[in-house]
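Visitor: Here is the input, now give the coordinates:
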Amino acid sequence: MNRRQFLAAALASPVLLKAESPRVAIGRCTEYSSAVYDTLQTMFDQLGGLSGLVANKTVTIKVNLTGPPELKLEGAPVGSAQWVHWGVIGCTIALLGEAGARRIRLCESAGDTATPLAAFIARAGWDPSYFTNAAPDVELVNTNLSERYARFWVPNGGYLFPGFDLASVYEECDVFVSLTKLKQHVKAGLTLSMKNIFGMLPLTIYGTNAGIDEPGTLTTGFRGEVMHIGQRAPSKSAPQEVQPESPRDAGYRLPRVITDLCGARPIHLAILDGIETMAGGEGPWTTGLSLVKPGVLIAGLNPVSTDAVATAVMGFDPMAPGGVHPFRNVDNTMEFGEAAGLGTRNLDYIEVAGARIEDVVFPFGPLGAPTAV
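Guide: Residues are numbered from 1 along each chain as shown. A predicted model of the protein is given here:
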């Protein structure tokens, strides 16, 4: 075949360079034991290893510790229900340290308090030194308050907000990790790696009692009045809504603001703890919940694709539109993330390493009901 014939054949049946498929690793892990470390290590190797991602870098981990530690489902430890288990957090920190991370910051908004994060997790009976000793230079940070706020702009202008003011720790990092629980959410349908970073929003700016013109000092209340139903605006010092006349409905607002956050503060590594969790909702403040043991860990370098695989493992369709379970009264966040160019939710274009989805599916069933907005 000469050059002309080759070009003609290619035009008739194009041979295009195929983009590399995002890879998501699934690991079977049925108990919180030394198996957690081994399983995570294998999964990270399946993703290409951590050293190239974190060596000599500052890593910020947004962990999911939602709700007060004293609030328990059926008396279960919070790490077996609504919080990421302390063992998964500790093993993740250790593996990041062994991969050469220079500095690791474990971050969360500590409920509606301004207390140090170490004191907050101690209320759950956890020893904060377990985390700080897991790797060199580990810091625990409550991001409800910050000495300085950094502005993060949404690349495409945003669905709901064009940008956000967040604690400076989210700017002072090279690698951002979303470490969360495999759960449902009565308002958002699912609360996975993308939804987890909703908790980055400081209550001093986006909370019930946030400052009007500038960030306040109160961390009481929650983010629902600003984000779920839009009854008040964030502090005027922060970027305001793109369209203030948009619907004041959580089903419309949550998927859009979550996607905006993921665009503004990109996630480099998503990890989901599904060894033990709860089905039906995100915390004991909702009804119709049950403790479950799916026995899986899931990790990926793209949050949309990782959440898509996690959705399938939970027995749901990541391609489902709004109005179809589990997105009962809400748009599908992954659909908006995909449209914003953050990643694919189509399982046909995602490479799954480790366990097969069909071998670890654990149907989560219907959503419970909220007891508050």
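Visitor: which intervals of the stretch 251-373 of the chain have sub-threshold pLDDT?
Guide: 371-373 (pLDDT under 70).
Visitor: hmm, try it at 50
Guide: 372-373 (pLDDT under 50).
Visitor: show me where it has strands.
Guide: For the stretch 251-373 of the chain, the strands defined by DSSP state E, counting those that start in this stretch cover 269-274, 277-279, 290-292, 296-300, 351-354.
Visitor: Turn the ones you listed into CSV, columns for distance to T143 and mean neighbour count.
Guide: All C-beta spots, glycine's among them, are computed from the backbone N, C-alpha and C. What follows is the strands of the stretch 251-373 of the chain, written out as CSV (distance: least, C-beta to C-beta, whole Å; neighbours: other C-beta atoms under 10 Å):
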stretch, distance to T143, mean neighbour count
strand 269-274, 18, 27
strand 277-279, 23, 24
strand 290-292, 29, 17
strand 296-300, 23, 28
strand 351-354, 32, 19
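Visitor: and stretch 286-299, how far apart are its ends?
Guide: Stretch 286-299 has an end-to-end distance of 27 Å (criterion: C-alpha to C-alpha, to the nearest Å).
Visitor: Now do the helices in the stretch 251-373 of the chain.
Guide: Under the criterion DSSP state H, counting those that start in this stretch, the stretch 251-373 of the chain contains helices at 303-313, 333-339, 357-360.
Visitor: Columns distance to G79 and mean neighbour count on top of these, output as TSV?
Guide: Output for the helices of the stretch 251-373 of the chain, formatted as TSV (distance: least, C-beta to C-beta, whole Å; neighbours: other C-beta under 10 Å):
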stretch	distance to G79	mean neighbour count
helix 303-313	18	28
helix 333-339	25	22
helix 357-360	21	14
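Visitor: Can you lay out those helices as a markdown table showing distance to A320?
Guide: Formatted as a markdown table, the helices of the stretch 251-373 of the chain follow (distance: least, C-beta to C-beta, whole Å):
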| stretch | distance to A320 |
| --- | --- |
| helix 303-313 | 8 |
| helix 333-339 | 9 |
| helix 357-360 | 15 |
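Visitor: Minimum distance to T259: which of those helices has it?
Guide: Evaluated over the helices of the stretch 251-373 of the chain, closeness to T259 peaks at helix 333-339, with 4.2 Å, by C-beta to C-beta.
Visitor: neighbouring contacts of the closest one?
Guide: Identification of contacts with helix 333-339 by C-beta atoms under 8 Å, 6 or more residues apart in numbering yields 159, 188-190, 194-195, 254-256, 258-259, 262, 303-304, 307-308, 311, 318, 321-322, 343-346.
Visitor: I would like a PyMOL command selecting only the buried ones among those, please.
Guide: Entered in PyMOL, the line below selects the buried ones among the contacts of helix 333-339, by 16 or more other C-beta atoms under 10 Å:
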select buried, resi 159+188+189+190+194+195+254+255+256+258+259+262+303+304+307+308+311+318+322+343+344+345
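Visitor: Between the strands of the stretch 251-373 of the chain, which one is closest to E20.
Guide: Of the strands of the stretch 251-373 of the chain, nearest to E20 by C-beta to C-beta is strand 351-354, at 8.6 Å.
Visitor: Are there helices or strands packed against the closest one, and which ones?
Guide: strand 23-28, helix 35-46 (3 or more C-beta pairs under 8 Å, 6 or more residues apart in numbering; DSSP states H and E).
Visitor: Go through these and pick out the most buried.
Guide: Highest mean neighbour count of the helices and strands packed on strand 351-354: strand 23-28, a mean of 24 (counted as mean count of other C-beta atoms under 10 Å).
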